[in-house]
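Q: pasting the sequence and the predicted coordinates here, then a few questions.
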Amino acid sequence: MSTTATFVEARTARRWRAFDWQLLLYLLLLVGFGMVMGYSANYQAIGGDSGLSQTVKTLIWTSIGLTLFFVAASIDYHWLQTFATPIYLVVLGLLLATVVIGRNLFGAQMSISVAGVDFQFSEISKVLMVVVLAAFLASRRERIGRLSTIVGAGLLVALPTFLVYRQPDLGTAMVFVAILLGMLFMSGAGIGWLSLLGGATVAVAPIAVTALEDYQRQRLFCFLDPSADPQGACYQVVQALNAVGSGGLLGQGLTAGRQNQLGFLPVQSTDFIFTVVAEELGYIGGMILLALFALLIWRVVSVGWGARDPFGANIATGLGSLLLFQITVNIGMVTGIMPVTGIPLPFITYGGSSMISLLFGMGLLQSVRVHSWKPTF
């Protein structure tokens, strides 16, 4: 073996000492938590067989996601900055294809079926747009406070946001906006310009809501008065509040939640999975889940602080904004303090596209950690 090969191997081995094992641990704990709750959420379907089937599928998706996690962690994330433009074009192509040939799912044209398997390309697009925005903001780090930078970043996000909204998927469109605002703020963009951008978003919101289907608008505003239509548009919110309230301190026990097991909770394994957590594990179970999320976000922030360049720091900021926004809105909507927008709870909501995409994103974060560490000799 040559001296050069030995040197490279030694350097690589030292670099991998920076691998964030805490990040991986919190991910695995959250995924495991989600599997248990997904099994319980579907236990009532046909005597437990449905819950087992869902658990097996989640295991398969998790295996694929963890494979991508380690692949992404092993690749130097700086390469992604070079390919930011092709990545952006891929995002637009995936979202456009979904609008044109997508399959209807929960009233929206959100997925494309390939060999009998549904893919929601909007999920991976969230992670890829973090990379695109990170590259753009890093290239303009000396002009981050200028209006041209904010307008440019806004235009980059505008087209994929519009394509997602056209599905129509208001929840994912909101996630794109949240990523944009979070990354601009943490990059050092002026508060005045950000306030202007936020004001413009609020101004456009009524127009966006008006363009939705009637049932979507009704469901969106149910959090203001769930009793307005408890058997119709507000049924999900009413049943979710009943489930959350019945959990008490310790919950009713796994597979023992009455609202869940009697079939009163719609989409209980996807958007409303937190209602199952609250009903069956109670306040304590909900707080444990929130603590795991807090630990995960802490590791994301730590990686961002330790990044050696703006591109790596921006990736961490974007992924942190994505996670924090989805967690806040999902739990807010099932507890009746935010509108129902169909935003999944990261790593807990049942779904392969979300699981694989988020684990891939966490792999990119791990790459930032590993390749930002300077090995000592």
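A: Arrived safely.
Q: can you show me the strands along the stretch 251-377 of the chain?
A: In the stretch 251-377 of the chain, no strands are defined using DSSP state E, counting those that start in this stretch.
Q: in it, where is pLDDT below threshold?
A: Along the stretch 251-377 of the chain, segments meeting pLDDT under 70 span 373-377.
Q: can you give me the helices for it?
A: Applying DSSP state H, counting those that start in this stretch to the stretch 251-377 of the chain gives helices spanning 258-261, 273-306, 310-334, 352-371.
Q: what's the closest of these to residue 41?
A: Ranking those by proximity to residue 41 (C-beta to C-beta) places helix 273-306 first, at 4.7 Å. Yep, even glycine has a C-beta here, placed from its N, CA and C like the rest.
Q: what residues of that closest one count as buried?
A: Neighbour counts using 16 or more other C-beta atoms under 10 Å place 273-282, 285-286, 289, 292-293, 295-297, 299-300, 303-304, 306 of helix 273-306 among the buried residues.
Q: tell me what that helix is packed against?
A: Counting contacts by 3 or more C-beta pairs under 8 Å, 6 or more residues apart in numbering; DSSP states H and E, helix 273-306 packs against helix 21-42, helix 235-246, helix 258-261, helix 310-334, helix 352-371.
Q: and the angle from the first one to helix 273-306?
A: Taking axes from the mean of the first three to the mean of the last three C-alpha atoms, to 10 degrees, one finds helix 21-42 and helix 273-306 inclined to each other by 170 degrees.
Q: go on, the second one?
A: Angle of helix 235-246 versus helix 273-306, following the same axes, to 10 degrees, is 80 degrees.
Q: flag every buried residue along helix 235-246.
A: Buried residues in helix 235-246 (16+ other C-beta under 10 Å): 235, 236, 237, 238, 239, 240, 241, 243, 244, 246.
Q: next one: the longest one
A: Residues 310-327, 329-334 are the ones in helix 310-334 that count as buried (16+ other C-beta under 10 Å).
Q: swap in the third one?
A: The neighbour-count criterion (16+ other C-beta under 10 Å) identifies 259, 260, 261 as the buried residues of helix 258-261.
Q: for residue 130, state which of those is nearest.
A: Taking C-beta to C-beta as the measure, residue 130 lies nearest residue 260 of the buried residues of helix 258-261, at 33.8 Å.
Q: what residues does the residue nearest to that closest one when sequence neighbours are not counted make contact with?
A: Spatial nearest neighbour of residue 260, chain neighbours left out: residue 276 (5.1 Å); criterion: C-beta to C-beta, 6 or more residues apart in numbering. By C-beta atoms under 8 Å, 6 or more residues apart in numbering, the contact set of residue 276 is 37, 40, 41, 243, 257, 260, 265, 268, 269.
Q: in JSON lines: the residues you listed, plus distance to residue 189.
A: Shown next, in JSON lines, are the contacts of residue 276 (distance: C-beta to C-beta, whole Å):
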{"residue": "37", "distance to residue 189": "38"}
{"residue": "40", "distance to residue 189": "43"}
{"residue": "41", "distance to residue 189": "41"}
{"residue": "243", "distance to residue 189": "41"}
{"residue": "257", "distance to residue 189": "45"}
{"residue": "260", "distance to residue 189": "44"}
{"residue": "265", "distance to residue 189": "41"}
{"residue": "268", "distance to residue 189": "40"}
{"residue": "269", "distance to residue 189": "39"}
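Q: who wins for most neighbours among those residues?
A: Counting neighbours by other C-beta atoms under 10 Å, residue 268 leads the contacts of residue 276 with 30 neighbours.
Q: if I pick that one, what's in contact with it?
A: Residue 268 touches 41, 260, 275, 276, counting by C-beta under 8 Å, 6+ apart.
Q: now do residue 119
A: 111, 112, 113, 353.
Q: was I right to think the first one contacts residue 123?
A: No: under the criterion of C-beta atoms under 8 Å, residue 111 makes no contact with residue 123, lying 9.7 Å away.
Q: next, show the common contact partners of these two.
A: Common contact partners of residue 111 and residue 123 (C-beta under 8 Å, 6+ apart): residue 353.
Q: please report how far residue 269 lies from residue 35.
A: According to C-beta to C-beta, to the nearest Å, residue 269 and residue 35 sit 11 Å apart.
Q: among the contacts of residue 268, which two are most distant?
A: Pairwise distances across these (C-beta to C-beta) peak at 9.0 Å, for the pair 41 and 275.
Q: intersection of neighbour lists for those two?
A: Common contact partners of residue 41 and residue 275 (C-beta under 8 Å, 6+ apart): 260, 265, 268.
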